[in-house]
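> Here is a sequence together with a model predicted from it:
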Amino acid sequence: MKARVTISLKNGVLDPQGKAIEHALHGLGFEGVNDVRQGKIIELDLGNISADAAPAQVEKMCTQLLANTVIENYTVELLD
Amino acid sequence: MKAAVIVFPGSNCDRDMKVAIEQSMGHSPDMVWHGDTSLPDTDLIAIPGGFSYGDYLRCGAIAGNSPIMREVVKKAQSGTPVLAVCNGFQVATETGMLSGALLRNANQKFICKDVNLQVVADNDRFVGEFDAGQIVRFPVAHHDGNFYADDETLARLEGEGLVAFKYADETGVVSDDTNLNGSRNNIAGIYNEAGNILGLMPHPERLISEQLGGTDGKTFFDNLINSLS
């Protein structure tokens, strides 16, 4: 079982890196870009864990370490 | 009086912290490795600056989950004073010992210079020698010092007198112009509710002698050690 965790900054939290990317895109002529938010993807190989146990396990990883819920949101995708 | 300095792989202000504490206390603090599972008997725990674990994942995130930090959190909850500087502040927010989080500086730059700070809350243990409203000068050296807390938390910090320092100018004016890294309300340092944990981005341990350019840091450490002795 594999899982993909996508982490992004919450709305309202300033994302200076996203802003820098947005400015660079404008510089390249992509003026239509209104906003850019940068996040990260973490891919996990969970070995032989059952499909029933996996969601709770990954959820725990997210709250304990992978995401800081003061500033970040996360979504979990389970992959076969 | 005994003190302990926590050392992570990637800490780079642990020795500065040791020297600053030593100078005020008269003897060396214990240097405690991140992998240790117990703390020595201590009256002060210092979490120093640096780039613990290379700042991987988020600044302070991995250090916050290291074995020794479980003990630090327990001691802090039972009232032991904790001084968390720069990366130490980031570690403290990651463990939940302090509110909020530290984001990338708004201007995306690593900022390394002496700054003026307004002493906001009167917490005798940490800033007894300074008066509220007074200006002190400590250096900053960080890429991720942009303090963030949601509106509710920010109102609580301000309302309950838990804001320790704000970025100001030399006359004490706190404004957008003196907000070097984008921190909400210019916040440079905060206390926990019980007032026994101070987290701040600036480095008092780096200005402890005229030869280094100033002594506000020495005054800070002299007061801290005196109040705990």
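In hand now; what should we look at? None of these values were measured; they are calculated from a predicted model.

> Now the helix or strand of chain B with the lowest mean pLDDT: buried residues?
Among the secondary structure pieces of chain B, namely its helices and strands, helix B:124-127 has the lowest mean (mean pLDDT, DSSP states H and E), a mean of 93. When neighbours are counted by 16 or more other C-beta atoms under 10 Å in any protein chain shown, the buried residues of helix B:124-127 are found to be B:125-127. In this view, the C-beta of every residue, glycine as well, is placed from N, C-alpha and C.

> Please identify which of the residues you listed is nearest to chain A.
Within the set of the buried residues of helix B:124-127, residue B:126 lies nearest chain A; the separation is 23.4 Å, counting by C-beta to the nearest C-beta.

> hang on, isn't the closest one packed against residue B:196?
No - counting by C-beta atoms under 8 Å, residue B:126 stays clear of residue B:196, with 9.2 Å between them.

> list the residues that contact both of those two?
With C-beta atoms under 8 Å, 6 or more residues apart in numbering or on different chains applied, the overlap between the contact sets of residue B:126 and residue B:196 consists of residue B:81.

> thinking again about what came up before, I would like the residues contacting the least confident helix or strand of chain B, please.
Outside helix B:124-127, the residues that reach it (C-beta under 8 Å, 6+ apart) are B:81, B:83, B:119, B:121, B:164, B:191, B:195-196, B:198, B:220, B:223-224, B:227-228.

> How about the residues of chain A by chain B?
A:12-14, A:16-17, A:20, A:64-66, A:68, A:70-71 (C-beta under 8 Å from any C-beta of the partner chain).

> From those residues, list just the buried residues.
Buried residues within the residues of chain A next to chain B, counting neighbours by 16+ other C-beta under 10 Å: A:13, A:16, A:65-66, A:68, A:70-71.

> What segments of chain A are strands?
With strands called from DSSP state E, chain A shows them at A:2-9, A:39-45, A:72-79.

> Let's see which of the buried ones among the residues of chain A next to chain B end up in helices.
residue A:16 (DSSP state H).

> Farthest pair within the buried ones among the residues of chain A next to chain B?
In these, two members sit farther apart than any others by C-beta to C-beta. They are A:16 and A:65, at 23.4 Å.

> nearest to residue B:147, of the contacts of helix B:124-127?
residue B:164 (11.0 Å).

> other SSEs contacting the helix or strand that contains that closest one?
Secondary-structure element containing residue B:164, defined by DSSP states H and E: strand B:163-168. In terms of contacts (3 or more C-beta pairs under 8 Å, 6 or more residues apart in numbering or on different chains; DSSP states H and E), strand B:163-168 is packed against strand B:111-119, strand B:187-191, strand B:197-200.

> Return the residues of chain B in contact with chain A.
When proximity is defined as C-beta under 8 Å from any C-beta, chain B approaches chain A at B:57-58, B:61-62, B:65, B:93-94, B:100-101, B:103-108, B:146, B:148-150, B:182.

> which of the residues you listed are buried?
Neighbour counting with 16+ other C-beta under 10 Å marks B:57-58, B:61-62, B:65, B:93-94, B:100-101, B:103-106, B:146, B:148-150, B:182 as buried within the residues of chain B next to chain A.

> Who are the contact partners of the residue with the largest distance to the centre of chain A?
If you look at how far each residue of chain A sits from its centre, by C-alpha atoms, centre = their mean, the farthest one is residue A:29, at 27.1 Å. Neighbouring residues of residue A:29 by C-beta under 8 Å, 6+ apart: there are none.

> so what's residue 42 up against?
Using chain A. A:4-5, A:7, A:66.

> that answer is for a different chain, and I need it for chain B
Contact analysis of residue B:42 by C-beta under 8 Å, 6+ apart lists B:2-4, B:29-30, B:75, B:80.

> same thing with residue B:161?
Counting by C-beta under 8 Å, 6+ apart, residue B:161 makes contact with B:120-122.

> again with residue B:175
With contact set as C-beta under 8 Å, 6+ apart, residue B:175 has these partners: B:169, B:186.

> hang on, the earlier thing: now the contacts of residue B:161: which count as buried?
Taking 16+ other C-beta under 10 Å as the criterion, what is buried in these is B:120-121.

> Adding pLDDT and distance to residue B:69, write the contacts of residue B:161 out as CSV.
As requested, those are exported to CSV (pLDDT from 0 to 100; distance: C-beta to C-beta, whole Å):
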residue, pLDDT, distance to residue B:69
B:120, 97, 27
B:121, 94, 25
B:122, 89, 29
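
> Looking at the contacts of residue B:161, which one is closest to residue B:38?
Taking C-beta to C-beta as the measure, residue B:38 lies nearest residue B:121 of these, at 32.1 Å.

> Can you tell me what sits against stretch B:1-8?
For stretch B:1-8, contacts defined as C-beta under 8 Å, 6+ apart pick out B:14, B:17-18, B:21, B:25, B:29-34, B:39-48, B:50, B:52-53, B:63, B:66, B:68-69, B:72, B:88, B:91, B:225, B:228-229.

> Many thanks, we can stop here.
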